[in-house]
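> My questions are about this predicted structure, shown below with the sequence.
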Amino acid sequence: MASKRKYSKSASRKVAKVMRERKRGTLRSGRSGKKVTSRKQAVAIGLSEARRAGARVPRQRTSRSRSRKKK
């Protein structure tokens, strides 16, 4: 049985496009408009755009805050 792709082809194309933008120095972050230099941030932007476009991309991991016991 063939396993289903986690990320669709269109999602990987979108990420590749964003990575090229980063290399050219034209990729800007959303709210602040600052230039993006981080590779990880560029991938995150690409996946987020693909998600908005309706491509098959897994849900974002949510940050879990640890619950600590108060003494």
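Thanks, I have the structure now. Residues are numbered from 1 along each chain as shown.
> Compute the number of surrounding residues for K6.
Residues contacting K6 under the criterion other Cβ atoms under 10 Å number 9. C-beta coordinates here come from the backbone N, C-alpha and C atoms, glycine included.
> and what of R22?
20.
> Any buried residues in the helix or strand it falls within, and which?
Taking DSSP states H and E as the definition, R22 sits inside helix 9-24. Within helix 9-24, the residues that count as buried by 16 or more other Cβ atoms under 10 Å are A11, S12, K14, V15, V18, M19, E21, R22.
> Same list, those residues, but as JSON lines with pLDDT please.
Below are the buried residues of helix 9-24 laid out as JSON lines (pLDDT from 0 to 100):
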{"residue": "A11", "pLDDT": "94"}
{"residue": "S12", "pLDDT": "95"}
{"residue": "K14", "pLDDT": "95"}
{"residue": "V15", "pLDDT": "95"}
{"residue": "V18", "pLDDT": "95"}
{"residue": "M19", "pLDDT": "96"}
{"residue": "E21", "pLDDT": "95"}
{"residue": "R22", "pLDDT": "95"}
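> Can you tell me the SS state at the most centrally placed residue in the chain?
Against the mean C-alpha coordinate of the chain, by Cα atoms, centre = their mean, the closest residue is A44 at 2.1 Å. Three-state assignment for A44 (DSSP: H, G, I helix; E, B strand; the rest coil): helix.
> residues making contact with the helix holding R22?
Contacts with helix 9-24, where a contact means Cβ atoms under 8 Å, 6 or more residues apart in numbering, come from 27, 36-37, 39, 42-43, 45-47, 49-51, 53, 55-57.
> Please indicate which of those residues are buried?
Here, 16+ other Cβ under 10 Å leaves L27, V36, A42, I45, G46, L47, E49, A50, R51, A55, V57 buried among the contacts of helix 9-24.
> which among those gets closest to Y7?
V57 (5.8 Å; Cβ to Cβ).
> which residues touch the closest one?
By Cβ under 8 Å, 6+ apart, the neighbours of V57 are Y7, S8, A11, L47, A50, R51.
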